[in-house]
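# The sequence isn't on hand, but the structure is:
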């Protein structure tokens, strides 16, 4: 192999660097961070909708309590479930921390179940079912449950795209080389049916 003159050699390195950059851009090196940000945005929307549901509960409990004094146990269960769900400190790594993620998931499911029992109680109190404040709160809760379902679905889809990219080539190589801190994200395992508050028809 012929030896290149000394003055030509330095020009090889910048040219190789340019070809390397072109090759990396062809591999779409920004794909993983983009997908990661989409997962984070979807997770924020999940949290936002769960918070919306939580914010409706005090007024709902107060309204039901005015008509259903004998349902103290059910009311207490809702209040306690809400307290557990809202007081949980979410760690910064919750999306890649299976234990913390599923603890959050279980607490939200418990709150949804307690709310379902509370709404079912209204069937025994015709005056409560006719109360305009209760009807408005019940409607807002149903709307919020629908938003939660949509937010969860969007999060699951975002995680699926991100996790798939992180586990397949060439993104797997790019992640190992340029983004070693990126980790597989957790997703929901509790069924949508278990999460949803039963709808009470009037």
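That came through, no problem. In this text the structure is predicted, and so the values were computed from the model without any measurement.
# going forward, measure contacts and count neighbours with C-alpha atoms only.
OK.
# Leaving out sequence neighbours, find the closest residue to the most centrally placed residue in the chain.
By Cα atoms, centre = their mean, the mean C-alpha position of the chain lies nearest to residue 43, the distance being 3.5 Å. Nearest residue to residue 43, sequence neighbours excluded (Cα to Cα, 6 or more residues apart in numbering): residue 155, at 5.9 Å.
# any idea how far the one you found is from residue 111?
From residue 155 across to residue 111, the span is 20 Å (Cα to Cα, to the nearest Å).
# again with residue 31
Going from residue 31 to residue 111 by Cα to Cα gives 37 Å.
# For those two, indicate the residue with more neighbours.
Between residue 31 and residue 111, counting by other Cα atoms under 10 Å, residue 111 is the more crowded of the two (24 against 15).
# On the pLDDT front, check the more buried one for me.
The model reports residue 111 with a pLDDT of 95.
# May I ask you to confirm that it is in contact with residue 76?
No. Using Cα atoms under 8 Å, residue 111 makes no contact with residue 76, being 11.6 Å away.
# Output the below-cut-off pLDDT ranges for the protein.
1-27, 190-202 (pLDDT under 70).
# For it, which segments count as helices?
Ranges of helices in the chain, per DSSP state H, are 9-26, 31-67, 72-87, 98-121, 126-130, 132-167, 171-178, 192-195.
# now the angle between helix 31-67 and the third one, please.
Right, the one you point to is helix 72-87. Computed with axes from the mean of the first three to the mean of the last three Cα atoms, to 10 degrees, the direction of helix 72-87 lies at 150 degrees from that of helix 31-67.
# Show me what helix 72-87 is packed against.
Where contact means 3 or more Cα pairs under 8 Å, 6 or more residues apart in numbering; DSSP states H and E, helix 72-87 is packed against helix 31-67, helix 98-121.
# Check the gap between residue 187 and residue 44 for me.
The value you get for residue 187 to residue 44, if Cα to Cα is used, is 14 Å.
# More neighbours: the two, which one.
A side-by-side neighbour count of residue 187 and residue 44, using other Cα under 10 Å, places residue 187 first with 21 against 14.
# give the contact list for that one.
Going by Cα atoms under 8 Å, 6 or more residues apart in numbering, residue 187 touches 95, 155-156, 159.
# If we use 10 Å, what do you get?
When contacts are counted by Cα atoms under 10 Å, 6 or more residues apart in numbering, residue 187 touches 43, 95-96, 98, 101-102, 105, 152-153, 155-160.
# Quick check: of those, which has the highest neighbour count?
Going by other Cα under 10 Å, residue 159 tops these with 25 neighbours.
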